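Peer 1: fold the following for me, if possible:
(one chain, ligands or ions: 2)
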Amino acid sequence: MATVEVVEQMAVGDGLFSLRFRSPVDLRLAGAYHPGQFLHIRVSDSFDFLLRRPLSLCKADVSRNELTVIYRAQGEGTKRLSRVRAGDQLDVLGPLGRGFPIHDGDRHALLVAGGIGVPPMLELAHALKARGQQVTAVLGFQNARHVILQEELMAYGTVHIASDDGTVGTKGLVTDLLTDALCTGVNRYYACGPTPMLRAVQAAMQGCSVPGYLSLEERMGCGIGICVGCVHPIRRGGDVKQVKTCKEGPVFSSEEVVFT
Ligand SMILES: Cc1cc2nc3c(=O)[nH]c(=O)nc-3n(C[C@H](O)[C@H](O)[C@H](O)COP(=O)(O)OP(=O)(O)OC[C@H]3O[C@@H](n4cnc5c(N)ncnc54)[C@H](O)[C@@H]3O)c2cc1C
Ligand code: FES
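Peer 2: Ligands and ions are numbered 1, 2, ... in the order given. Predicted coordinates for the structure are as follows:
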C-alpha cells in the first residue's frame with residue numbers, strides 16, 4: 001500500500017478522466033512497471049468504498065516518476081475518483097499483475113482496443129516503438145465524444161478508428177477493421193476491451209493465424225491473489241483451470257483464454 005500525491009486530474013472526453021500521480025515505486029528500477037499492468041486504487045477513505053478500482057497503467061513518465069490512468073466515471077467509485085484534485089492524496093497499489101509480453105524478434109504489432117480498453121495501449125505502443133517495431137492500432141469507440149488517445153497513439157504508428165454511430169472513423173465494430181489486408185505482415189496482436197470484443201478479436205485473429213494476447217477485464221476484489229474474486233477459465237496443458245486474473249493476468253496468451 002502506498003499513499004501518492006495527485007498531480008493532475010482533467011476531463012478528456014464525455015465522462016472520461018485522466019489522472020496523473022506520483023508513482024508509488026521508483027520507475028527507474030528495472031521491472032518497476034510494464035505495459036498492461038494495472039493500478040489498484042482506493043477511491044475514498046469511506047467504509048462504503050472498501051473495494052479498490054483496477055485501472056490500467058496508461059503512461060509512465062520516468063523522468064518525473066509519474067503515472068497516468070485514464071478512466072470512465074460510470075459507477076459510484078469512479079465518480080468519486082473523478083472528484084479528486086491536484087494535491088490530494090490517494091491510496092494506490094501497484095503496478096500489479098502481468099502485462100503484455102514484448103517479443104524482440106517481432107517487426108510489426110497490431111493493437112486492438114475498444115473504449116476504456118484503449119488506455120493500456122499507449123504505454124504498450126511506446127514500448128514496442130522503442131524496440132523498433134512497427135505499430136498499427138485499431139480502436140473502437142461508441143461515438144466521437146468518447147475518442148481518447150488518438151493523437152498520442154499516432155506518435156507511435158498508424159491508427160484506424162471505428163465507431164458505433166459513425167461519428168468518427170468507420171461506422172461499425174472494431175473487428176470489422178480486422179481485414180486480411182490489415183493483418184498481412186503482422187507478427188502479433190495485443191487486445192484490450194470488453195469481453196464480447198475480446199471474444200470476436202480472438203476468433204478473427206485465429207482466422208488470420210496471427211498469435212496474440214488478450215487483457216481480461218474481470219471484476220476484482222483484493223487485486224493481489226487472496227480473495228479469488230477474479231478467476232477466469234484458462235486452458236493449459238489440455239486442462240481448463242480457473243486462474244486468478246489479478247496475479248497471472250490480466251494479460252493472457254489468446255489461445256489459452258476460454259470464453260464460456
Ligand atoms: C485489469 C483491469 C484494468 C482496467 N483498466 C481500466 C482503465 O484503464 N480505465 C477504465 O475506465 N476502466 C478500467 N477497468 C474497468 C474499471 O476497473 C471499472 O470500470 C471500475 O472498477 C468500475 O468501478 P465503478 O466505481 O465505476 O463501478 P461500481 O459499479 O461502483 O463498481 C462496483 C464494483 O465492481 C467492480 N467493477 C465494476 N465494473 C467493473 C469492470 N468493468 N471491471 C472490473 N471491475 C469492475 C468495481 O471495481 C467495484 O469493486 C479495468 C478493469 C480491470 C480488471
Ligand atoms: S482480485 Fe482477489 S484474487 Fe484476484
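Peer 1: pull out the buried positions in stretch 93-112.
Peer 2: 93-100, 102, 106, 108-112 (16 or more other C-beta atoms under 10 Å). Heads up, the C-betas are built off the backbone N, CA and C, glycines and all.
Peer 1: over to that stretch now: how far is its first residue from its last?
Peer 2: 27 Å (C-alpha to C-alpha, to the nearest Å).
Peer 1: quick one: it near ligand 1?
Peer 2: No - Stretch 93-112 stays clear of ligand 1 (C-beta under 6 Å from any ligand atom), getting no nearer than 6.5 Å.
Peer 1: near ligand 2 at all, that stretch?
Peer 2: No - counting by C-beta under 6 Å from any ligand atom, ligand 2 has no neighbours in stretch 93-112; the shortest distance is 9.0 Å.
Peer 1: quick one: distance of that stretch to the chain centre.
Peer 2: The chain centre lies 10 Å from the centre of stretch 93-112; the measure is C-alpha atoms, centre = their mean, to the nearest Å.
Peer 1: avg pLDDT for stretch 210-230?
Peer 2: Taken as a whole, stretch 210-230 carries a mean pLDDT of 95.
Peer 1: and the longest strand belonging to the chain, what does it pack against?
Peer 2: Ranked by residue count and defined by DSSP state E, the top strand of the chain is strand 2-13. Taking 3 or more C-beta pairs under 8 Å, 6 or more residues apart in numbering; DSSP states H and E as contact, the helices and strands that strand 2-13 lies on are strand 16-22, strand 89-96.
Peer 1: that older thread, among the buried residues of stretch 93-112, which one lies nearest to residue 66?
Peer 2: Nearest to residue 66, judged by C-beta to C-beta, of the buried residues of stretch 93-112 is residue 95 at 12.9 Å.
Peer 1: state the distance from the closest one to ligand 1.
Peer 2: Per C-beta to the nearest ligand atom, to the nearest Å, residue 95 is found 11 Å from ligand 1.
Peer 1: what's the answer for residue 228, then?
Peer 2: Counting by C-beta to the nearest ligand atom - residue 228 and ligand 1 are separated by 14 Å.
Peer 1: identify the bridge partners of the nearest residue to that residue once chain neighbours are set aside.
Peer 2: Of all residues not flanking residue 228 in the chain, residue 244 sits nearest, at 6.6 Å (C-beta to C-beta, 6 or more residues apart in numbering). Counting by DSSP bridges, residue 244 is bridged to residue 231.
Peer 1: how about the contacts made by residue 244?
Peer 2: The neighbours of residue 244, taking C-beta atoms under 8 Å, 6 or more residues apart in numbering as the test, are 225, 228, 230, 231.
Peer 1: and those residues, which of them are buried?
Peer 2: Buried among the contacts of residue 244 (16+ other C-beta under 10 Å): residue 230.
Peer 1: low pLDDT regions in this protein?
Peer 2: 1 (pLDDT under 70).
Peer 1: how about the residues of it near ligand 1?
Peer 2: 38, 51, 53-56, 69-72, 74-78, 116, 119, 217-220, 250.
Peer 1: so which of these are in helices?
Peer 2: 76, 77, 78, 119 (DSSP state H).
Peer 1: pretty sure residue 128 sits in a helix.
Peer 2: Yes - under DSSP: H, G, I helix; E, B strand; the rest coil, residue 128 falls within a helix.
Peer 1: tally of neighbours for it?
Peer 2: Neighbourhood size, residue 128 [other C-beta atoms under 10 Å]: 25.
Peer 1: so residue 145 makes contact with residue 13?
Peer 2: Yes - using C-beta atoms under 8 Å, residue 145 is in contact with residue 13, at 6.0 Å.
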